[in-house]
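Undergrad: output the structure for:
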Amino acid sequence: RKLLLATVNFRLEAEHSSRLAAQFAKIDGDNSGRISLSEFRDAFRSNGASVKQLEAMFKSLDINGSNQLNYSEFIAAAQSLEEVTMMDRMLRAFEMWDVDGNGFIDADDIRAACE
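TA: Numbering: from 1, shown residues only. A predicted model of the protein is given here:
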């Protein structure tokens, strides 16, 4: 059973890694192995962020100050974003079940949520 779970987890991680690699390659329009500020802006402009916001975001992700995002910086940013997204989803799910809003899920909350 543990081996099966480890195999499934490894497969999911491999699929996730290949998805991130594909996203990186898609953004890296000139195939330099690095994402420039203009490539970053082009990729994320449609998300509704202003040019200033995108530049600030890019600068915060550019850990080594090279004015380009390397693959490691991209992966670190993607993982951080996914962790924040997951925590947000977990919090919303918890709040859905914590019907009375007291910070705990008890039998009364479960009954009320299922009605």
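
Undergrad: in this protein, which spans are helices?
TA: Counting by DSSP state H, the chain has helices at residues 2-27, 37-44, 51-61, 71-97, 107-114.

Undergrad: least reliable of the ones you listed going by mean pLDDT?
TA: Among those, helix 2-27 carries the lowest mean pLDDT, a mean of 71.

Undergrad: Arg89 versus Ala113, what's the distance?
TA: Ala113 is 17 Å from Arg89, where distance means Cβ to Cβ, to the nearest Å. In this view, the C-beta of every residue, glycine as well, is placed from N, C-alpha and C.

Undergrad: cool, and Val99?
TA: For Val99 relative to Arg89 (Cβ to Cβ), the value is 18 Å.

Undergrad: ok, these two, which is more surrounded?
TA: Val99 (17 against 10; other Cβ atoms under 10 Å).

Undergrad: hang on, isn't the more buried one packed against Ala112?
TA: Yes: if you go by Cβ atoms under 8 Å, Val99 and Ala112 touch, sitting 4.1 Å apart.

Undergrad: deepest in the core, which of the helices of the chain is it.
TA: Highest mean neighbour count of these: helix 37-44, a mean of 16 (counted as mean count of other Cβ atoms under 10 Å).

Undergrad: now the angle from it to helix 71-97?
TA: 30 degrees (axes from the mean of the first three to the mean of the last three Cα atoms, to 10 degrees).
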